[in-house]
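**Student:** structure, please.
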Amino acid sequence: MHHLYIALKLTFSYFSILPVPFKTTEDLSKKEVLGLMPLFLPLVGFVLGLLTITLYSLLSIPAWYGATISAIAYMLLYGFIHTEAVMDVADAIYASHSNKDAYSIIKDATVGSMGVLYGIAIVLLKVSGIVILLTQHLFVEFISILIISRLSILILIKTDTFKSSFITQLKEDLNGKYIIITFIIFTLIGTILTAKFIPLLLLGLALGFIVSILIKRALGFINGDVLGATLEVIEVILFLSVALWH
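**Tutor:** Down below sits the predicted model:
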């Protein structure tokens, strides 16, 4: 139970900017902790979604403006980490077209012009999608998408082969039985929230595999940045899908 608690804190610390205190006696590198860490990804999405909707509900300003602020706040809450991944992946893909080493480019701390342009594009698409969902009061659909995108990443962590020692360690320590339990819990939560959850989940899982395969073909490998970029694409497409469906 103690390992579960540490893994919960580590996941929120790593994938959000929410303040999470740690004790010096807590060993964050234990395989028991790392093996549980990815299981809390959907919970991160759920909590960030609730915070975003709460902020939108509290803002006493025109709906579209409040929704825009809330959408940006959502991205701030995860520290733009996935947006940064889009920029790195875009740079690496364009570098590979010039026969450059895509891996060294993706690990470079700097970012090129193509990465910046793709980063701006994904922010505009994502903010627009969230604004539509919030102003149309599609709150449960919004939260469902944040859960689904992270469930998709959870599956990719377990099924893909990574050029990343950290993600590989997570994969090796991740227990398949716990993944099934996580899926059951969040699928139940999602279906209670909305009848659209199962179709959205199937679409999200399919998108996760398709996007990661396409990026892998372009780069020749998958790492944490690819997972982050995949999450962003899944959310953008699901936001659009819900907007059209509604």
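**Student:** mind listing the helices for the chain?
**Tutor:** In the chain, the segments counted as helices under DSSP state H are 2-15, 31-34, 41-58, 63-77, 81-97, 102-107, 113-135, 139-159, 165-173, 176-193, 197-219, 224-245.
**Student:** alpha carbons only: can I get the shortest one in CSV?
**Tutor:** Going back to what we said before, that points to helix 31-34. Once side chains and other backbone atoms are set aside, the C-alpha atoms of helix 31-34 remain, and they are given as CSV (Å, rounded to 0.1, in the frame of the first residue of the first chain):
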residue,chain,number,x,y,z
LYS,A,31,10.6,-1.2,-9.3
GLU,A,32,7.5,-1.7,-7.1
VAL,A,33,6.9,2.1,-7.4
LEU,A,34,7.7,2.4,-11.1
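**Student:** could I get the average pLDDT for it?
**Tutor:** Mean per-residue pLDDT for helix 31-34: 77.
**Student:** who are the packing partners of it?
**Tutor:** Judged by 3 or more CB pairs under 8 Å, 6 or more residues apart in numbering; DSSP states H and E, the packing partners of helix 31-34 are helix 2-15, helix 165-173. Any C-beta I mention is one placed from the backbone N, CA and C, and that applies to glycine too.
**Student:** looking at these, which is closest to Asp108?
**Tutor:** Closest approach to Asp108 among the helices and strands packed on helix 31-34 (CB to CB): helix 165-173, 17.7 Å.
**Student:** would you mark the buried spots in the closest one?
**Tutor:** Of all the residues in helix 165-173, those buried under the rule 16 or more other CB atoms under 10 Å are 167, 169-171, 173.
**Student:** and the helices of the chain, which one is worst for confidence?
**Tutor:** Among the helices of the chain, helix 31-34 has the lowest mean pLDDT, at a mean of 77.
**Student:** and that one, how far out from the chain's middle?
**Tutor:** 21 Å (CA atoms, centre = their mean, to the nearest Å).
**Student:** before we move on, what about stretch 219-229?
**Tutor:** For stretch 219-229, the separation from the chain centroid amounts to 13 Å (computed by CA atoms, centre = their mean).
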